[in-house]
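Engineer: Pasting the sequence and the predicted model now:
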Amino acid sequence: MPAKLDWRALERSWQKKWNWRKIYETNLDPRKPKYYVTAAYPYPNSPQHVGHARTYTIADVNARYHRMKGYNTLFPMGFHYTGTPLFAMSKRLGEGDPEIVETFTKVYGIPPAMLEKLKDPKSMASYFREDIKKGMMEIGFSIDWRREFTTIDPLYNRYIEWHFQILNRKGLITKGTHPVAWCPNDKSPVGVVDTQGDVEPDIGESYLVKFRKDDVIYPTSTLRPETVFGVTNLWINPDATYVRAKVDGELWVVIKEAVEKLQHQNHKVTIEREIPASELLWKTVQNPVTNNEIPILPGSFVEPDNGTGVVMSVPGHAPYDYQALTDLKKRYANSAESQQVLQDTKPISIIRLEGFSDLPAADLIGKFKVKDQNDPHLEHATQELYSKEFHDGIMRENTGSYSGMLVAKAREAIVRELASQGKIETLLELRNAPVVCRCGTKCLVHILENQWFINYGDPEWKKLAHKCLDQMAILPEELRGEFNYTIDWLRERACARAVGLGTKLPWDQNWIIEALSDSVVYMAYYILSKYFTKDWVIFKKFENDTSRLPDAFFNFTLLGEGTIDTVAEQTRIPKRILNAIRAEFQYFYPVDMRHSARDLVSNHLSFYIFHHSSLFPEKQWPKGIVANGFVLMEGAKMSKSLENIIPLRQGIAKFGSDPVRVGVMATAELGQDTDFSEGLALSIQERLSALIGQARKLGAKKTAGKPKFSTLDRWMVSRLSSAVQSATNALDRLRVREAINIILYQLDNDIAWYKRRLGPKKPRSDNRDRILRKVLETRTRMMAPLTPHTAEEIWSRIGNKGFVVQADWPQESENEKDALAERAEALIRQALEDTGEILKATGITPKRIAYYTASDWKWEVYLKALKAAKEKMRQGDFIKDVMGDPQLRSLGKAAVDYAAKAIQQANQMPDEMRQSRLRDGVTAESTIFADSVDFYQREFKCTVDLWNEGDPSINDPKGRARMSEPYRPAIYLE
Ligand SMILES: [Zn+2]
């Protein structure tokens with residue numbers, strides 16, 4: 001047993017060598033085609049965990065694979081500082097938030113002494129940036145670090161200003177009044193990156209139907225205004241406080257919590273007085289369409305945060321209302337006065353629905369066996385009924401002029417009519433409330449006036465985005481629909497924030513461009529950033545005063561606009577540098593593959609398409625997107641509360657980087673979530689150690705002389721060729737799981753068979769080591785993108801020079817496919833299995849085994865049968881045809897019987913097999929078996945004889961030979 005490998009030492013030593021030789025630093029090379037890979041730059045407000053590694057590892061595999069296929073591959077990385085997350089995190093730390101302190105010290109192992117420094121957002125960013133970068137180096141990503149930048153670098157800010165000036169000039173930035181999700185504390189719009197748990201706020205519209213008592217209005221929020229005909233009562237929360245307030249000149253009664261919401265939606269609200277719910281209960285109000293007097297009843301389910309806190313009750317068609325009314329009647333069974341009111345409150349049927357009674361809500365309560373109003377089945381009942389009634393329901397006779405109308409139609413008509421009478425308004429709500437800002441405040445909908453929006457609703461822009469998407473590769477392809485949907489669905493999107501880090505809006509310095517707007521064209525900046533760093537002497541003056549770097553610089557280098565003379569004169573940047581940047585941009589752009597996680601399809605990745613299609617000419621539009629699923633931990637979602645987060649660097653220290661790389665990719669293809677576990681990582685580590693062990697055994701000794709390969713040797717080479725073909729197909733589609741299986745696992749089955757067939761090593765008599773070294777060498781090249789460190793170790797141990805990560809990806813044609821050899825081994829394996837089964841069934845320990853291969857005439861009939869089956873000849877005709885041959889006829893019944901069997905088999909055979917066997921013709925089974933007698937003797941530990949059925953000297957005591965068939969020799973045991 002060899003000593004346990006020191007994974008980290010092994011990996012570090014290869015990483016050092018790669019860095020020393022700068023092999024991942026990629027420059028323009030006109031002799032080579034280029035391949036440009038980018039992955040979403042990380043947000044350094046915490047260390048990365050194992051789950052983050054998936055996207056980057058797949059990007060790295062893709063980069064390495066293309067490098068080996070001869071592409072001059074660029075894979076750069078930067079850091080995204082923009083926005084509120086860093087602010088929020090350092091603020092929470094500053095406030096001593098115990099959850100953050102515990103996560104930082106216990107989960108991420110940050111020394112407590114460090115915490116003080118992290119209370120400043122920029123220090124926190126640089127601390128985690130270093131940590132993330134170290135992790136990316138330790139896991140062996142092939143990144144060109146010369147191009148690293150952050151989104152608060154002055155020149156990056158200047159670049160984003162240029163980007164936004166162009167959008168503005170093209171009319172894609174609008175100033176307007178639109179609803180946005182809003183944090184009242186920060187007084188700023190919020191998007192997915194600004195909320196706790198990264199929730200994208202979802203704004204939806206509901207209606208306020210105005211019930212009335214004298215001159216006081218009770219606005220009820222609802223999504224189904226057409227059911228106003230069936231309202232039997234209103235619900236209010238009995239424990240809440242309501243207010244009477246002047247709203248846009250009307251007197252309203254709403255829950256106290258609704259006041260702020262109304263104000264944020266531009267209603268003028270003045271509170272007159274607070275009213276406890278008890279004061280409103282059991283009073284009546286008037287239905288705005290039927291004029292019926294209905295009571296206000298207690299409903300503890302009425303959420304203070306939802307709508308106005310006043311809800312219409314439609315028990316005939318809303319399961320919640322039906323159940324609440326039932327429960328209420330039970331509760332007040334002993335109160336005479338209340339009971340009278342409740343007895344008069346009866347469900348009203350206003351919608352006819354095929355297959356349901358007058359009261360569909362009651363039907364569904366029965367169907368779902370709902371027990372009370374807290375029963376979770378109520379939600380299912382509600383969803384089912386709402387959707388059925390909306391699509392198939394018809395308004396009944398008691399709905400006036402809407403009678404006979406489809407519900408969907410009636411809804412529109414009623415809204416129109418009530419609006420014209422001032423009896424309805426709309427209210428915007430966060431459908432996925434509560435959405436909490438990173439500062440801890442609950443978000444709401446705000447009508448933002450005179451704010452800056454990117455107009456993704458622009459129809460011409462949508463057309464360009466669609467055109468760009470249509471030309472792109474999307475992996476996995478099934479995500480294309482989601483992209484199309486997003487492009488169609490996107491509207492104006494607030495692009496600036498009041499707080500956070502980032503670039504100021506160039507024409508309105510009070511606003512900062514938000515994180516999902518300044519991160520969509522940074523892939524072009526990687527070309528610039530190399531020169532900004534390399535030629536710092538020239539560019540530092542712009543860093544100090546970015547206004548000195550004019551738009552003309554970006555227009556020339558990135559868009560090819562303007563003349564070099566003017567730009568050189570204006571900027572004093574040497575022409576050779578301007579030319580070099582322009583040439584490098586033209587060489588590397590567009591991005592060939594953008595890697596990200598699939599939850600970014602509906603925002604970042606779609607914005608990326610939009611902005612590129614507008615900013616750059618068509619030939620520089622992005623070529624492809626890969627979006628992968630998440631990583632689960634032992635089958636569960638990773639979460640701090642479950643304490644199942646493994647920080648990436650701790651994972652690497654514990655398992656090694658190659659095991660982590662494979663571990664985050666091995667259990668699922670792109671679209672699905674993968675499952676990482678300690679057991680998996682350890683088993684991968686063991687697998688990789690075993691492969692290094694093989695290399696150690698084979699050593700660096702090359703076998704001299706020209707080899708003469710046996711059929712078995714040729715079989716192994718042929719199998720290797722198939723593996724190369726399958727692995728290449730898999731990696732072309734980034735089916736990494738499949739590639740891992742083929743390369744790290746499946747090849748072993750073939751190697752095991754090869755060794756088993758060869759038996760104990762005979763140094764001079766076979767090509768064993770030569771073949772095994774060839775297999776391992778090719779395999780190592782295929783491993784290099786997946787497990788680069790292990791691959792280098794093996795590569796050097798078997799005596800190869802240079803880095804395997806710089807070697808060529810194996811070609812299928814290097815290792816010839818050999819159909820003959822594959823057929824021969826299939827036969828041998830089949831006979832081995834058949835014999836094994838007979839031994840198992842009979843329990844015999846054989847002293848002798850005899851194999852009888854089929855005689856020549858059987859082969860003749862067999863091939864005829866294959867041909868006849870292909871031509872769909874009838875069985876009778878076939879037998880007649882066979883017996884027409886005088887030689888076969890002379891064999892009598894044996895020939896008739898076999899012909900019948902052969903044609904039957906040929907008819908049932910899959911078409912493909914029939915074709916290939918026809919193509920192969922007579923297989924030299926006698927020779928194949930003759931070569932494997934040794935093997936069978938070794939396997940069964942007895943004498944093995946081999947006869948051909950027609951052999952005159954045949955030893956066939958039980959007459960088994962006549963059972964032999966082509967591809968299926970007869971077996972005799974004694
Ligand atoms: Zn906030």
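Structural biologist: Sure, I can see it. These figures come from a predicted structure and were not determined experimentally.

Engineer: So the residue in the stretch 651-800 of the chain that the ion sits nearest to versus Phe630, what's the distance?
Structural biologist: Residue of the stretch 651-800 of the chain nearest the ion, by Cβ to the ion: Asp673 (30.6 Å). Every residue, glycine included, has its C-beta placed from N, CA and C. Applying Cβ to Cβ, to the nearest Å, one obtains 5 Å for the distance of Asp673 from Phe630.

Engineer: again with Ser639
Structural biologist: Taking Cβ to Cβ, one finds Ser639 at 12 Å from Phe630.

Engineer: of those two, who's got more company?
Structural biologist: Phe630 (17 against 11; other Cβ atoms under 10 Å).

Engineer: which bits of the stretch 301-450 of the chain sit near the ion?
Structural biologist: Within the stretch 301-450 of the chain, the residues that sit near the ion (Cβ under 5 Å from the ion) are Cys437, Cys439, Thr441.

Engineer: Closest to Arg719 out of those?
Structural biologist: Arg719 has its nearest neighbour among those in Cys437, at 58.8 Å by Cβ to Cβ.

Engineer: Just name the shakiest helix or strand of the chain by mean pLDDT.
Structural biologist: Least confident helix or strand, the chain: helix 336-344 with a mean of 81, by mean pLDDT, DSSP states H and E.

Engineer: Now do the SS call for the closest residue to Pro298 other than its chain neighbours.
Structural biologist: Distance criterion Cβ to Cβ, 6 or more residues apart in numbering; nearest residue to Pro298, sequence neighbours excluded, is Pro238 at 3.7 Å. Using DSSP: H, G, I helix; E, B strand; the rest coil, the structure places Pro238 in coil.

Engineer: For Pro506, give me its contacts.
Structural biologist: Pro506 makes contact with Glu161, Phe164, Gln165, according to Cβ atoms under 8 Å, 6 or more residues apart in numbering.

Engineer: And the last one, how far from Leu505?
Structural biologist: With the distance defined as Cβ to Cβ, Gln165 ends up 10 Å from Leu505.

Engineer: same question, the first one
Structural biologist: Computed with Cβ to Cβ, the distance linking Glu161 and Leu505 is 9 Å.

Engineer: Quick one: neighbours of the closest residue to Gln937 other than its chain neighbours, just the number.
Structural biologist: Nearest non-adjacent residue to Gln937, counting by Cβ to Cβ, 6+ apart: Val944, 4.9 Å away. Neighbourhood size, Val944 [other Cβ under 10 Å]: 20.

Engineer: ok, Val944 - contacts?
Structural biologist: Residues in contact with Val944, defined by Cβ under 8 Å, 6+ apart, are Arg848, Ile849, Ala850, Tyr851, Val933, Tyr936, Gln937.

Engineer: of all these, which comes closest to Ala727?
Structural biologist: Nearest to Ala727 among the contacts of Val944: Tyr936, at 32.9 Å, using Cβ to Cβ.

Engineer: ok, now which ones touch the closest one?
Structural biologist: The contact partners of Tyr936, taken as Cβ under 8 Å, 6+ apart, are Ala831, Leu832, Thr835, Ile849, Tyr851, Val944.

Engineer: Of those, which belong to helices?
Structural biologist: With helices taken from DSSP state H, the overlap with the contacts of Tyr936 comprises Ala831, Leu832, Thr835.

Engineer: ok, the first one to Leu820 distance?
Structural biologist: Pointing back at Ala831 there. Counting by Cβ to Cβ - Ala831 and Leu820 are separated by 17 Å.

Engineer: Looking at those two, which is more packed in?
Structural biologist: Neighbour count, other Cβ under 10 Å: between Ala831 and Leu820, Ala831 has more, with 22 against 15.

Engineer: so that one makes contact with Ala970?
Structural biologist: No - the pair Ala831 / Ala970 is not scored as a contact, 10.0 Å apart, by Cβ atoms under 8 Å.

Engineer: on that earlier part again, more neighbours: Gln165 and Leu505, which one.
Structural biologist: Leu505 (21 against 15).

Engineer: tally of neighbours for the residue lying closest to that one once chain neighbours are set aside?
Structural biologist: What sits nearest to Leu505 in space, not counting adjacent residues and going by Cβ to Cβ, 6+ apart, is Trp511, at 4.4 Å. Close neighbours of Trp511, defined as other Cβ under 10 Å, add up to 20.

Engineer: Show the average pLDDT along the helix or strand hosting Trp511.
Structural biologist: For Trp511, the element it lies in under DSSP states H and E is strand 508-513. Mean pLDDT, computed over strand 508-513, is 93.

Engineer: One more: stretch 905-920?
Structural biologist: For stretch 905-920, the mean per-residue pLDDT is 88.

Engineer: same thing with stretch 613-620?
Structural biologist: Across stretch 613-620, the average pLDDT comes to 97.

Engineer: Repeat that for stretch 260-272.
Structural biologist: Averaging pLDDT along stretch 260-272 gives 94.

Engineer: cool, and stretch 133-149?
Structural biologist: In this model, stretch 133-149 has a mean pLDDT of 98.

Engineer: Any chance you could give me that stretch in PDB, C-alpha atoms only?
Structural biologist: Output of stretch 133-149 as PDB, limited to C-alpha atoms (Å, rounded to 0.1, in the frame of the first residue of the first chain):
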ATOM      1  CA  LYS A 133      -9.000  34.900  -5.500                       C
ATOM      2  CA  LYS A 134      -6.900  32.500  -3.400                       C
ATOM      3  CA  GLY A 135      -9.700  29.900  -3.600                       C
ATOM      4  CA  MET A 136      -9.800  30.300  -7.300                       C
ATOM      5  CA  MET A 137      -6.100  29.800  -7.500                       C
ATOM      6  CA  GLU A 138      -6.100  26.800  -5.100                       C
ATOM      7  CA  ILE A 139      -8.800  25.000  -7.200                       C
ATOM      8  CA  GLY A 140      -6.600  25.600 -10.300                       C
ATOM      9  CA  PHE A 141      -8.800  27.800 -12.500                       C
ATOM     10  CA  SER A 142      -6.900  28.700 -15.600                       C
ATOM     11  CA  ILE A 143      -7.500  32.400 -15.200                       C
ATOM     12  CA  ASP A 144      -5.500  35.200 -16.800                       C
ATOM     13  CA  TRP A 145      -5.200  37.300 -13.600                       C
ATOM     14  CA  ARG A 146      -3.500  40.200 -15.300                       C
ATOM     15  CA  ARG A 147      -6.900  41.400 -16.300                       C
ATOM     16  CA  GLU A 148      -8.400  41.500 -12.900                       C
ATOM     17  CA  PHE A 149     -10.400  44.600 -11.900                       C
END
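
Engineer: to the chain's geometric centre, what's the distance from that stretch?
Structural biologist: From the chain centre to the centre of stretch 133-149 is a distance of 23 Å (Cα atoms, centre = their mean, to the nearest Å).

Engineer: ditto for stretch 373-385
Structural biologist: Distance, centroid of stretch 373-385 to centroid of chain: 32 Å (Cα atoms, centre = their mean).

Engineer: Stretch 529-540 too?
Structural biologist: With Cα atoms, centre = their mean, you get 37 Å for stretch 529-540.

Engineer: shared neighbours of Ala831 and Ala970, anything?
Structural biologist: Common neighbours of Ala831 and Ala970, using Cβ under 8 Å, 6+ apart, are Tyr851.

Engineer: Give me the mean pLDDT for the next helix or strand after the least confident helix or strand of the chain.
Structural biologist: Later in the chain than helix 336-344, the nearest helix or strand by DSSP H and E is strand 351-352. The average pLDDT for strand 351-352 rounds to 94.

Engineer: Run me through the strand neighbours of strand 351-352, direction for each.
Structural biologist: Here strand 351-352 has these sheet partners by DSSP bridges: strand 394-395 (antiparallel).

Engineer: Pull the residues that contact the partner strand.
Structural biologist: Applying Cβ under 8 Å, 6+ apart, the contact partners of strand 394-395 are 226, 229, 350-353, 402-407, 410.

Engineer: The residues you listed, buried ones only, as a ChimeraX selection?
Structural biologist: A single ChimeraX command is used to select the members of these judged buried by 16 or more other Cβ atoms under 10 Å:
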select :226,229,350,351,352,353,402,405,407,410
